[in-house]
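Undergrad: Sequence below, structure please.
(one chain, ligands or ions: 2)
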Amino acid sequence: MIYTMTLNPAIDFLTQVPELQVGTLNRATDEQYFAGGKGINVSRVIKRLGVENIALGFIGGFTGEFIKEQLAQEKIATNFTRVTGTSRINVKVHGQSETAINTSGPAVTAAELEQLLKQLDQLKTKDIVVISGSTPKNVPKSYLLEMVQRIHATGAQFILDVEGLVLLDALPYQPLLLKPNQDELAELFGEHALTAAQIDEYGQQLVAKGAQHVIVSLGGAGAILYTSQGKYRADPVIGTVKNTVGAGDSVVAGFVATWQQSHDALTSFKYGVAAGTATAFHDDLATQAQISDLLTKIHIIGE
Ligand SMILES: Nc1ncnc2c1ncn2[C@@H]1O[C@H](COP(=O)(O)OP(=O)(O)O)[C@@H](O)[C@H]1O
Ligand SMILES: O=P(O)(O)OC[C@H]1O[C@](O)(COP(=O)(O)O)[C@@H](O)[C@@H]1O
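TA: Residues are numbered from 1 along each chain as shown. Ligands and ions are numbered 1, 2, ... in the order given. Predicted structure coming up:
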């Protein structure tokens, strides 16, 4: 079974403000609400690809109820840990460019943290846990590593799509996949911007230190996969970008859903890039049909 772990779920409130201006009243021309947070996006795309999965994480308040209802409508199984606070609302404004305000989310108590950790002890060796997104503000940095250690102890695999140095601490536990974007990779190694040579150097370093697969996503410039076998580049597909919220999560979803069935890194990478691209080219997350349509346009080149 694939599990997704969203420690800080959100309602994504997407609104269109064609000529957004700061410091004045703006009138929106359209608005939509989606169940979001990175792990939840991963769950939604995995399910659209026809693969069962269970969404885990902390959820609370009226916003939490909305998220649960939306997932139930999409027939996605959940086993959330209820918290006393209210899950957050993130604001994504589409104008001439995309502007986002990601809020911080509710605090989580020590008992709630422990309750969620205990769920991990039930994992089986064939399970994969995708841990994605930010942690609520009062959660200690050590919590993510504790999760990784608990998952590893059961023999299950894990994928990490989070920010921060925990990515380096998790390497000895051999993550199935890390998916930093270019900025996240730079931050991880204390750099501001990376040259192509530095992306290679750091991507390969993550593999050498334990990651089984590393996908560095490059937004409109495509993505690169690093494995112990080599480096593979997926050039970008040219198209009209509608909404890049969840594009990275779609890459993770396409990869893990395909990996679970094929254990083939290149096919999984191809589905990941097709899913990320399909999400970028549509309003909501990619559907199976949109992903299938794009597959023939994704060319993976070994370098
Ligand atoms: N403007 C774009 N044009 C084409 N493909 C895109 C675009 N933006 C994102 N994608 C696709 O989605 C993937 C993930 O997007 P990216 O922005 O790198 O991730 P994240 O959301 O994690 O920052 C990219 O590797 C690419 O395949
Ligand atoms: O575009 P990405 O990186 O795939 O992730 C988008 C998701 O991440 C969020 O921006 C939340 O990110 P954080 O957990 O890092 O705050 C959600 O609002 C959105 O659903």
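
Undergrad: Ends of stretch 293-303, what's the gap?
TA: 26 Å (C-alpha to C-alpha, to the nearest Å).

Undergrad: Tell me the buried residues in that stretch?
TA: Leu294, Leu295, Ile298, Ile300 (16 or more other C-beta atoms under 10 Å). C-beta here means a position set from N, CA and C on the backbone, and glycine is covered the same way.

Undergrad: same deal with stretch 134-144?
TA: Ser134, Thr135, Pro136, Val139, Tyr143, Leu144.

Undergrad: what's the spacing between it and its chain's center?
TA: Its chain's average C-alpha position is 17 Å from that of stretch 134-144, according to C-alpha atoms, centre = their mean, to the nearest Å.

Undergrad: about what we covered before: which of the buried residues of stretch 134-144 lies closest to ligand 2?
TA: Ser134 (3.6 Å; C-beta to the nearest ligand atom).

Undergrad: any idea whether that closest one is helix, strand or coil?
TA: coil (DSSP: H, G, I helix; E, B strand; the rest coil).

Undergrad: now it, nearest residue through space, not along the chain?
TA: Nearest non-adjacent residue to Ser134, counting by C-beta to C-beta, 6 or more residues apart in numbering: Asn8, 5.0 Å away.

Undergrad: I'd guessed that neighbour sits against Gly36; true?
TA: No. Counting by C-beta atoms under 8 Å, Asn8 stays clear of Gly36, with 10.3 Å between them.

Undergrad: Give me the more crowded residue out of the two.
TA: For Asn8 and Gly36, the more surrounded residue by other C-beta atoms under 10 Å is Gly36, and the numbers stand at 29 against 26.

Undergrad: pLDDT score for that one?
TA: pLDDT recorded at Gly36 is 97.

Undergrad: mind checking which helix or strand the closest residue to it other than its chain neighbours is in?
TA: With sequence-adjacent residues excluded and distances taken as C-beta to C-beta, 6+ apart, Gly36 is closest to Asp12, at 3.5 Å. According to DSSP states H and E, Asp12 maps onto strand 10-16.

Undergrad: buried sites along that strand?
TA: Ala10, Ile11, Asp12, Phe13, Leu14, Thr15.

Undergrad: do the same with stretch 17-27
TA: So, applying 16+ other C-beta under 10 Å, buried residues of stretch 17-27: Val17, Leu20.

Undergrad: chain center to it, what's the gap?
TA: 30 Å.
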